[in-house]
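A.B. asks: Sequence first, predicted model second:
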2 protein chains.
Amino acid sequence: MGNTIFGVDVGGTTVKIGMFDKDGNKLDVWEIPTRTGEGGINILPDIAASIQEKMTNQGLSREDVVGIGIGVPGPVDDTGTVHVAVNLGWGTFNISETMEGLTGIPTAAGNDANVAALGECWKGGGKGHKDMVLVTLGTGVGGGIIANGRLLTGATGAGGEIGHIHIDDNETDRCNCGNYGCFEESASATGVVRLAKRMLAATKEDSTLRGKRLTARLVLDEAKNGDKVAVKIAEQYGYYLGKGLAVVASVTNPEMIVLGGGVSRAGGILIDMLKPSFIKYCFPGARDCKFALATLGNDAGMYGAARLVLQK
Amino acid sequence: MGNTIFGVDVGGTTVKIGMFDKDGNKLDVWEIPTRTGEGGINILPDIAASIQEKMTNQGLSREDVVGIGIGVPGPVDDTGTVHVAVNLGWGTFNISETMEGLTGIPTAAGNDANVAALGECWKGGGKGHKDMVLVTLGTGVGGGIIANGRLLTGATGAGGEIGHIHIDDNETDRCNCGNYGCFEESASATGVVRLAKRMLAATKEDSTLRGKRLTARLVLDEAKNGDKVAVKIAEQYGYYLGKGLAVVASVTNPEMIVLGGGVSRAGGILIDMLKPSFIKYCFPGARDCKFALATLGNDAGMYGAARLVLQK
């Protein structure tokens, strides 16, 4: 039985490939472009060729390799079947079987946000916890749920896709998904900007934010600097973030929630801001939940993909 | 390796014990009283003695028994530790270890609603589905989540305790848990009665419900009989039930949701009533979810407790 695992994170423009040992030590990392043309037909063969080239260079045989793990931007079920990945041009097919056919190496596949959660649980902010939720706060809100050390994939790979849980009955703006009051409408980076625009229009109060191009980072930085309007926006953001996470925690009872994605770079202030509404809305039996920031950044997907191999 | 499993459902007044084979065939069922006095110190010894008596009568040795599964009314984590079961007088201790000490037989333990979900997934309404949610609509709302065939227990055994997810921002009545707008405030049997009282007070419309003692059963029966006010109440009930289940489905992406508990005896009308708001509020990627009624009734806990042994 080998000791080498390849963890692959397939993005819309770049594929990141990491070489790991079974203990999760990262031995090497490289990137190849994602060729999304022709229905993305070249993506897996390109990855297979790149891994085989690396194996040749390192003098590794098939027997030295435990497996290949692949995270992709689309829903992937427990059998390794992806159910449409728009950004890659992919329809529905079994990634694991295809990759095994190309390489002769056992392959596990998962959704990118889900495997990132597994990565953070293995070697990142959630290390040492077997019941964990990762929420990624970026352009949208994504996530992954780890239950008793294993990914909660769901029937069609949409498990942990928490961006579209309904959290606000009084929201009048429509979410991209067509619903009103989704978690991601308020808790994403886009959500911070939306809340900021609303707040700035509703008050005449002076603010360093006025006249500037609004970004989540600017708003949260100015809140840290003490700008009163920015503080109010940040508090409102924390309210929605805490409320949505309270719902997720009330369903799944995690030991820890890890905050990742671009917005999480604001740091511990986020945790301070979300806690009051988390406590307010969470089922008392699930309230005793820790919070942490993600630590693996863009490497979380590679780590998690590698970990997925060990869970297959 | 033996072929006999004992599945035990511990209630506040009665303990139900079932003898099963590994395929889930129920071979025998009997009951003993639950002695809750003295901090419930006799409950497990009584069960152990009753099982040993049965084994003697059936000529079964320890080697013939795969294990004992126990469901209790309180949160139980993955190690078999119960975190306070008020109705039994229990504090915090490890059920599995205690029972193994008493009998020498491997024991698995879980929360009663959770093991009922496992039972319905094994032999009931959710048979054949590996990603399933059971929601029990009784005095309160309970539930259990099966993810890839296994129970989602959570960090402290509160996984699947979905009765207290927040689903209504405009609710002014307080839930027993201290929050406002919990799922169980509207979706329980008590919730039907609450909605009925509100609706009857708000309208002067004639109704067969007026002057009667309101129960969930009466309201839903009169809705089936075509009473216009009862139909409106039932629709409102379905709205909240569908909305809450949409949140659960958006988090966990089940293949099937099974409705159990007293209210579910109203039958298929419940599924018809909840679907519009389920579709409205559910994340599109998780919307393609089937619904069914629970079929094991009060036996679900015994079946699930037996199943838990096979998952240990």
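C.D. replies: Looks like it came in fine.

A.B. asks: Could you use CA atoms for every contact and neighbour count after this?
C.D. replies: Noted.

A.B. asks: got the CA positions of stretch A:280-297 in CSV?
C.D. replies: Below are the C-alpha coordinates for stretch A:280-297, written out as CSV (Å, rounded to 0.1, in the frame of the first residue of the first chain):
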residue,chain,number,x,y,z
LYS,A,280,-30.5,34.4,19.9
TYR,A,281,-31.6,32.2,17.1
CYS,A,282,-29.9,28.9,17.8
PHE,A,283,-31.6,25.9,19.5
PRO,A,284,-30.3,25.9,23.1
GLY,A,285,-29.0,22.3,22.7
ALA,A,286,-26.7,23.3,19.8
ARG,A,287,-25.7,26.7,21.0
ASP,A,288,-22.4,25.6,22.6
CYS,A,289,-20.5,25.8,19.4
LYS,A,290,-17.0,27.1,18.8
PHE,A,291,-16.0,29.5,16.0
ALA,A,292,-12.7,29.8,14.2
LEU,A,293,-11.2,31.3,11.0
ALA,A,294,-10.1,29.1,8.1
THR,A,295,-6.4,28.8,7.9
LEU,A,296,-5.6,26.9,4.6
GLY,A,297,-6.8,29.7,2.3
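
A.B. asks: Next, the buried residues of it.
C.D. replies: A:280-283, A:285-289, A:291-297 (16 or more other C-alpha atoms under 10 Å in any protein chain shown).

A.B. asks: State the mean pLDDT of it.
C.D. replies: Per-residue pLDDT values across stretch A:280-297 average out to 95.

A.B. asks: try stretch A:196-210
C.D. replies: On average, stretch A:196-210 scores 96.

A.B. asks: related to what we said a few turns ago, of the buried residues of stretch A:280-297, which are in range of chain B?
C.D. replies: Among the buried residues of stretch A:280-297, the ones lying near chain B by C-alpha under 8 Å from any C-alpha of the partner chain are A:280, A:281, A:282, A:283, A:285, A:286.

A.B. asks: where along chain A do the strands fall?
C.D. replies: A:4-10, A:14-21, A:26-33, A:65-72, A:81-85, A:90-94, A:107-111, A:132-137, A:141-147, A:150-151, A:256-260, A:290-293 (DSSP state E).

A.B. asks: Identify whichever of those strands lies nearest to residue B:112.
C.D. replies: With respect to residue B:112, and counting by C-alpha to C-alpha, the nearest of the strands of chain A is strand A:141-147 at 18.8 Å.

A.B. asks: Show residues contacting the closest one.
C.D. replies: A:113-118, A:121, A:130-136, A:151-152, A:159-163, A:183-184, A:187-188, A:252, A:254, B:152-154 (C-alpha atoms under 8 Å, 6 or more residues apart in numbering or on different chains).

A.B. asks: Now do the contacts for the residue most central in space within chain A.
C.D. replies: Nearest to the mean C-alpha position of chain A, by C-alpha atoms, centre = their mean, lies residue A:113 at 3.4 Å. Residues counted as contacts of residue A:113 (C-alpha under 8 Å, 6+ apart) are A:73, A:136, A:142, A:143, A:144, A:301.

A.B. asks: swap in residue A:256?
C.D. replies: A:126, A:129, A:131, A:132, A:133, A:289, A:290, A:291, A:292.

A.B. asks: Dig out what the last one forms beta bridges with.
C.D. replies: Here residue A:292 shows beta-bridge partners residue A:258, assigned using DSSP bridges.

A.B. asks: what do you get for the fourth one?
C.D. replies: Here residue A:132 sits in beta bridges with residue A:146, residue A:256, as judged by DSSP bridges.

A.B. asks: Tell me if I'm right that it and residue A:259 touch.
C.D. replies: No. Judged on C-alpha atoms under 8 Å, residue A:132 makes no contact with residue A:259 at a distance of 10.9 Å.

A.B. asks: what about the two, which has more around it?
C.D. replies: More crowded of residue A:132 and residue A:259, by other C-alpha atoms under 10 Å in any protein chain shown: residue A:132, with 35 against 27.

A.B. asks: For that one, give me its contacts.
C.D. replies: A:121, A:126, A:145, A:146, A:147, A:254, A:255, A:256, A:257, A:258.

A.B. asks: Among the contacts of residue A:256, which pair sits farthest apart?
C.D. replies: A:131 and A:292 (13.5 Å).

A.B. asks: circling back: which of the contacts of strand A:141-147 count as buried?
C.D. replies: A:113-118, A:121, A:130-136, A:151-152, A:159-163, A:183-184, A:187-188, A:252, A:254, B:152-154.

A.B. asks: Just those: which are in helices?
C.D. replies: Of these, the ones assigned to helices by DSSP state H are A:113, A:114, A:115, A:116, A:117, A:118, A:121, A:183, A:184, A:187, A:252.

A.B. asks: any idea how far the fifth one is from residue A:246?
C.D. replies: Translated: residue A:117. 18 Å (C-alpha to C-alpha, to the nearest Å).

A.B. asks: repeat for the first one
C.D. replies: When distances are taken as C-alpha to C-alpha, residue A:113 and residue A:246 turn out to be 20 Å apart.

A.B. asks: Could you list the domains of chain A?
C.D. replies: A:4-120+A:299-311, A:128-295 (automatic domain parsing).

A.B. asks: what about the shortest one, how long is it end to end?
C.D. replies: Taking C-alpha to C-alpha as the measure, domain A:4-120+A:299-311 stretches 15 Å from start to finish.

A.B. asks: Redo the strands of chain A as JSON lines? Include distance to residue B:3.
C.D. replies: Formatted as JSON lines, these follow (distance: least, C-alpha to C-alpha, whole Å):
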{"stretch": "strand A:4-10", "distance to residue B:3": "39"}
{"stretch": "strand A:14-21", "distance to residue B:3": "40"}
{"stretch": "strand A:26-33", "distance to residue B:3": "46"}
{"stretch": "strand A:65-72", "distance to residue B:3": "35"}
{"stretch": "strand A:81-85", "distance to residue B:3": "36"}
{"stretch": "strand A:90-94", "distance to residue B:3": "37"}
{"stretch": "strand A:107-111", "distance to residue B:3": "34"}
{"stretch": "strand A:132-137", "distance to residue B:3": "36"}
{"stretch": "strand A:141-147", "distance to residue B:3": "29"}
{"stretch": "strand A:150-151", "distance to residue B:3": "29"}
{"stretch": "strand A:256-260", "distance to residue B:3": "39"}
{"stretch": "strand A:290-293", "distance to residue B:3": "42"}
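
A.B. asks: Run through the residues that contact residue A:294.
C.D. replies: Per C-alpha under 8 Å, 6+ apart, neighbours of residue A:294: A:120, A:124, A:125, A:126, A:258, A:259, A:260, A:264.

A.B. asks: Need the residues that contact stretch A:164-180.
C.D. replies: So stretch A:164-180 is contacted by A:181-185, A:240, A:243-244, B:167-170, B:246-247, B:250-251, B:280-284 (C-alpha under 8 Å, 6+ apart).

A.B. asks: rerun that using 10 Å as the cut-off
C.D. replies: Contact partners of stretch A:164-180, identified using C-alpha atoms under 10 Å, 6 or more residues apart in numbering or on different chains, comprise A:140-142, A:163, A:181-186, A:194, A:240-241, A:243-248, B:166-170, B:243-244, B:246-251, B:280-285.

A.B. asks: If we go by neighbour counts, what in that stretch is buried?
C.D. replies: Taking 16+ other C-alpha under 10 Å as the criterion, stretch A:164-180 shows A:164, A:165, A:166, A:167, A:168, A:175, A:179, A:180 as buried.

A.B. asks: Against residue B:277, how distant is the fourth one?
C.D. replies: The reference is to residue A:167. Taken as C-alpha to C-alpha, the span from residue A:167 to residue B:277 is 14 Å.
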